[in-house]
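**Q** Below are the sequence and a predicted model; questions follow.
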Amino acid sequence: MKNKLPFFKLFFEVWIHPRKVIQTILDKESNYFTWPLVITYAILETSNPIPCALVVKILPLTLALLTGTAMSVFFTAIIFLFFSWSSYFLGKLMGGKATFAEIRTACAWAFPPAFFGTLSFSIVNVPLWIKILEGETSWASISSQPKMEWQIFFTGFFNLLILWALILWLINVAQAHRFSIWKSIAIGLVSSTIFCISFITLFYILLRIQI
């Protein structure tokens, strides 16, 4: 009988021993908890008020909340697949050995710090949600509130954990492809540049529609 991998042990161990954890997972079960991690993170991302705020001016509040939730889950899945595919495709061009399934798993197992980062950021967003629920429909007004000291603290904590997750992503991809971290960094730069240009363009279009 195949020994089961200890999920919670790996979940926290990947923070400090990512190469060891990813290799253990890929050696024993290359799709181990990939989609549960992604879906759980997508659910946590629904605490982000931006998708709802962008559509609340043109939709009733209840429908705006549902639409915002669907947008958060959808875009999280799309972003995950984009970075998985770019990590796989660019890695193959650089001589990487991983399969697409292995890269998906490597990317998914960079999420653990981001789980706690997103929970931290959800606390920061409480005042924004209050304004939305009170009926405010202008994104400029919703986002213009000055941040309190506690919000600055939780935002810093969020940034630290997201940076940690990004570092894990680079290490995990390098380990899965069995090449140097420098090639993984190059993949990260190219992928992030393409993604940022696409995201800024889409966000600008949505913002113009909302205004």
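**A** Everything's here; your move.
**Q** just the helices in this protein please.
**A** Secondary structure of the chain by DSSP state H: the helices cover 7-13, 18-28, 34-45, 50-55, 61-93, 100-108, 112-124, 126-133, 139-143, 149-177, 181-210.
**Q** Comparing those, which comes out most buried?
**A** When you average the neighbours per residue for each of those (mean count of other Cβ atoms under 10 Å), helix 100-108 leads with a mean of 23. (C-beta placed from N, C-alpha, C; glycine too.)
**Q** got the angle for that helix vs helix 34-45?
**A** 40 degrees (axes from the mean of the first three to the mean of the last three Cα atoms, to 10 degrees).
**Q** list the helices and strands helix 100-108 packs on?
**A** The contact analysis (3 or more Cβ pairs under 8 Å, 6 or more residues apart in numbering; DSSP states H and E) places helix 100-108 against helix 18-28, helix 34-45, helix 61-93, helix 149-177.
**Q** nearest to Leu119, of those helices?
**A** Among the helices and strands packed on helix 100-108, the nearest to Leu119 by Cβ to Cβ is helix 34-45 (6.5 Å).
**Q** got the CA positions of that closest one in PDB?
**A** Only the C-alpha atoms of helix 34-45 are listed here, as PDB (Å, rounded to 0.1, in the frame of the first residue of the first chain):
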ATOM      1  CA  THR A  34      -3.100  20.800  -6.600                       C
ATOM      2  CA  TRP A  35      -6.700  21.900  -7.200                       C
ATOM      3  CA  PRO A  36      -7.900  21.900  -3.600                       C
ATOM      4  CA  LEU A  37      -5.100  24.400  -2.800                       C
ATOM      5  CA  VAL A  38      -6.000  26.500  -5.800                       C
ATOM      6  CA  ILE A  39      -9.800  26.500  -5.100                       C
ATOM      7  CA  THR A  40      -9.300  27.200  -1.400                       C
ATOM      8  CA  TYR A  41      -7.100  30.200  -2.300                       C
ATOM      9  CA  ALA A  42      -9.700  31.400  -4.900                       C
ATOM     10  CA  ILE A  43     -12.400  31.300  -2.200                       C
ATOM     11  CA  LEU A  44     -10.200  33.300   0.200                       C
ATOM     12  CA  GLU A  45      -9.700  35.800  -2.600                       C
END
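**Q** contact partners of that helix?
**A** By Cβ atoms under 8 Å, 6 or more residues apart in numbering, the residues outside helix 34-45 that reach it are 72-73, 76-77, 80, 101, 104-105, 108-109, 111-112, 114-115, 118-119, 122.
**Q** switch to 7 Å and redo it
**A** Residues from elsewhere that reach helix 34-45, judged by Cβ atoms under 7 Å, 6 or more residues apart in numbering: 72-73, 76-77, 80, 104-105, 108-109, 111, 114-115, 118-119.
**Q** Okay, angle between it and helix 112-124 too, please.
**A** Inter-element angle recorded for helix 34-45 and helix 112-124: 20 degrees (by the same axes, to 10 degrees).
**Q** average model confidence for helix 34-45?
**A** Mean pLDDT, computed over helix 34-45, is 91.
**Q** ditto for stretch 49-58
**A** The predicted model assigns stretch 49-58 a mean pLDDT of 74.
**Q** end-to-end on that stretch?
**A** Length of stretch 49-58, first residue to last, Cα to Cα, to the nearest Å: 15 Å.
**Q** Now Pro12: closest residue in space that isn't a chain neighbour?
**A** In this structure residue 12 is Phe, not Pro. Distances taken as Cβ to Cβ, 6 or more residues apart in numbering place Pro112 nearest to Phe12, at 7.2 Å, with adjacent residues excluded.
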